[in-house]
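# just need the structure, nothing else, for what follows:
(2 chains)
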Amino acid sequence: MKNLASAGAVFAVSLAFPIMSIAQTEVVVWVAGEPGQTNVYDDLAEAYNAQSGDVTITVVKNSSDLFNPALIPALSAGEGPDLFSFGTGPGQPAALIKGGLVADLTDAYFEHNWGDTIPEGIVMQTSSDGKLWAFGNEVETTGMFYNKAIFAEHGISVPTTWPEMEAAVATLMEAGYDTPIGLGAADKWPVSHWQSMMFGRYAGPDGIESVLFGDGAWTDAPFVAAATKLQEMGQSGWFGPTPVAIGYGELMDRFWAGEVPMTFTGPWVIGGGIAAAGDRIGDYSVFAVPPFEDGQQIHPTNSIGSGWYIRESSENKDAAIDFMNFMFVATEGRVTLLNAGTIPVGPLDAALATAEMPPLAVDIWKTSDDHAANGTVPAFLDTITPGSLTTVSYDGLQALLIDYMTPEEFTAEMQSAWAVSKAAGEIMLPGGIAER
Amino acid sequence: MFLDPESRWARRLNLILFLLPALTIYIVFAIYPTFSVVEYSFTDWDGISPERDFVGLANYERLFTDKIFWAAFRNTFVWSGVIIVINVGLGLVIAAMLARVWKARLLLQTCIVLPVVISPMAVATIWRWMYQPTGVINQVLEGVGLGGLATPWLGSPDAVLYALALAHSWSTIGLSVVIFLAGLQAVDENLYEAAHVDGANAFQSFRYVTLPALRPVTAVVFILTLTQSFKVFDIVWATTQGGPVRFSEILSTYMYKRGALENQYGYGSAIGVALLVIVSLATVIYMQIQSKEDR
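Below you'll find the model as predicted:
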């Protein structure tokens, strides 16, 4: 009888195992970005899976270039990831929303009190028609990364004025650095970081807003002046003899190897930098590019990184929302993000108490905070303007660097593409969600 | 009740049944998408929305006034021209030389064919590194005293298209060589002996025996190279994305930008149809010329 009971128990357990495995819910998450930037989502998934019980998060990472061409057909076919990171600009998200491919997150916003975490400014960029479409999870900035050891070797102090910046570059060139400021312009998008920062410096936050949401034009004097300055810097060899021949990856390798003293980039490189530079990572820090002209203010660059969307046809929406809460709202997830150098949106006090941020991440955010009172400008204009403008800007910025286009021609091409997009209703409109 | 297995109908049915699997795959994955692209080219579809409006010939009218399209059009012809010269011309010469080599022929053949099996993305990565300003190509040029020829290959408006075409040819010429070699093996040795008896030297044998004998094979290689070169996307996208500016923009990269990156699938499809028409026309013209020469 006892043996029979044991056999019955074994049989019941053997039956239960397949049932338990069938009950396991898999949430497929697609993340775009550079390896150093996206590895943190593996850590988050692992931590979540360890405590979630019946939900398994599977993270699929892909480079930014290949992400959208894979994502859009998958979503259009009613398949693809349950949860994914995606741009928050006016172009592609608008098409996803219009196509009914992403879920309305407004209920989750109120149910989980996301308003306590996501700043209103970011909700404005991830909502339309009174509905929230994405969880804008992180704030990104850009700054001048530099090699302190090289600066010290040549007696260079961190420049705080433009003449000091010119002197620093001159000293480095005399010392044999043919590329004082690295710029991987073969990939096009790195130049747009300079463009966003310089347009913001010359036009200020109001000038940028006047174009994005008002009657301003990219041909306005501040934008032409910014483009002129960028071209002058290129002509003077600040970015090396041929920045358009060098890819971003190759450039960053040279930067972390100590061959290039400075490069203007963002915190997403920190993970890769720690891996590449090893013990020498302490040689690196960040400073704010000094004002280009007398009387100009430093406006830190601040942009929402990307937004997290849930596929409308997903059967695992609740599980996906739970994982987002774990990543971006729960302290454990926020600490994990901070430790990787990613700054989640919302109050940081609780997370910062236990986080061990890489010093470089602390440096870049301190640089940003020091000047935040002046008002911030977008770090990535290319992500909040339509795709057609991005194409024109990318090509035009390369054209400026090789003297194929004048600043006036460049801004005129931008304005022309902008006007077409504006007329077609493809530009970003201020959002916001309906109160309940 | 049953068909006579030897009857005409039974043979036809057999033929159809054997063809059906391949034909189904071809229709689903080649014919249907082609017709879909033609259909999309008459719409304003963004590639995502379920709705798309018929816009008539608007996308084609836009092609005529789009200066980037015409720049890409011109670049595509230069690109294909360079690749045809290398893959057909040099491919034939290499094959003819290999046919006369007995020692280490297999090794040489393997070396030439090996790049064909490398993934295009890997080819792009390899050449992107080699073409860097401090890359191996410039280092070698400087090492052999030709530093004056060193240039920022991928950043030079004058050099970029040719540099990429060379990289593409490196990865595809092996196929041309293999086809030419197969053709050469079919050439009657007696013709060479007769030419030798008539006092022909090596060049004259090549000119008056090999070339005419290989005419059908050359046509195959030419058409294959032409269609492949027009379709190339990966190596250009992974190295320059059509840059600097638009100096290496070819029709396939431009179609991708408009269609996939800017969500203008309707217009992107029109570019695709234009590409299809150009390749078809070039193929037909070449075949006409060939058939006239044969007559």
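# longest helix in the chain, please.
Looking at chain A here, since you left the chain open. In chain A, assigned by DSSP state H, the helix with the most residues is helix A:189-213.
# my question was about chain B, not that one.
helix B:265-294.
# ok, back up a step: from the contact counts, what lies against the longest helix of chain A?
Counting contacts by 3 or more CB pairs under 8 Å, 6 or more residues apart in numbering or on different chains; DSSP states H and E, helix A:189-213 packs against helix A:221-235, helix A:248-256, strand A:262-265, helix A:381-384, helix A:387-401. For glycine as for every other residue, the C-beta is placed from the backbone atoms N, C-alpha and C.
# now the one helix or strand B:Tyr256 maps to: average pLDDT?
When elements are assigned from DSSP states H and E, B:Tyr256 belongs to helix B:251-256. Averaging pLDDT along helix B:251-256 yields 95.
# likewise for stretch B:130-139?
Stretch B:130-139 shows a mean pLDDT of 92.
# cool, and stretch B:200-216?
88.
# what does stretch A:232-240 give?
96.
# tell me the SS of residue 85?
Since you didn't name a chain, this refers to chain A. Classification of A:Ser85 using DSSP: H, G, I helix; E, B strand; the rest coil returns strand.
# was after chain B, sorry
helix.
# ok so, going back, for the longest helix of chain A, buried residues please.
The neighbour-count check on helix A:189-213 (16 or more other CB atoms under 10 Å in any protein chain shown) flags A:189-205, A:207-209, A:211-212 as buried.
# what do you get for stretch A:134-152?
Using 16+ other CB under 10 Å as the test for burial, stretch A:134-152 gives A:134-147, A:150-151.
# and A:Ala424, how far from A:Val211?
Here A:Ala424 is placed at a distance of 17 Å from A:Val211 (CB to CB, to the nearest Å).
# which residues touch the spatially most central residue of chain B?
Most central in chain B under CA atoms, centre = their mean is B:Gln228, positioned 2.1 Å from the mean C-alpha point. Neighbour list for B:Gln228: B:Thr172 [criterion: CB atoms under 8 Å, 6 or more residues apart in numbering or on different chains].
# tell me which element it falls in.
helix B:215-231.
# run the chain-centre distance for that helix.
Centroid separation between helix B:215-231 and its chain, computed with CA atoms, centre = their mean, to the nearest Å, is 7 Å.
# tell me the angle of it relative to helix B:265-294?
Relative orientation of helix B:215-231 and helix B:265-294, computed by axes from the mean of the first three to the mean of the last three CA atoms, to 10 degrees: 160 degrees.
# list the buried ones in helix B:215-231?
Buried-residue list, helix B:215-231, by 16+ other CB under 10 Å: B:217-219, B:221-226, B:228-230.
# what of stretch A:352-362?
Neighbour count says stretch A:352-362 has A:355, A:357-362 buried, by 16+ other CB under 10 Å.
# which of the residues you listed lies closest to A:Trp418?
Among the buried residues of stretch A:352-362, A:Ala361 lies closest to A:Trp418 (CB to CB), at 33.9 Å.
# tell me the contacts of that closest one?
Going by CB under 8 Å, 6+ apart, the list of residues near A:Ala361 reads A:267, A:270, A:338, A:341, A:343.
# so it: helix, strand or coil?
helix.
# what's the neighbour count on the closest residue to it other than its chain neighbours?
Nearest non-adjacent residue to A:Ala361, counting by CB to CB, 6 or more residues apart in numbering or on different chains: A:Gly341, 3.7 Å away. Number of residues near A:Gly341 (other CB atoms under 10 Å in any protein chain shown) recorded here: 25.
# which residues touch A:Thr331?
Contact partners of A:Thr331, counting by CB under 8 Å, 6+ apart, are A:350-351, A:354.
# near chain B too, which of those residues?
For chain B, no contacts are drawn from the contacts of A:Thr331 by CB under 8 Å from any CB of the partner chain.
# with these in mind, which one is nearest to chain B?
Proximity of the contacts of A:Thr331 to chain B (CB to the nearest CB) peaks at A:Ala351, which lies at 35.6 Å.
# report pLDDT for residue 248.
Answering for chain A, as no chain was given. pLDDT, read off for A:Tyr248, is 91.
# try again with chain B
Per-residue pLDDT puts B:Ser248 at 96.
# the residue of the stretch 101-250 of chain A found nearest chain B: what's it in contact with?
Of the stretch 101-250 of chain A, the residue with the smallest distance to chain B, taken as CB to the nearest CB, is A:Ala245 at 2.7 Å. For A:Ala245, the contact set (CB under 8 Å, 6+ apart) comprises A:186, B:131-133, B:152-156, B:244.
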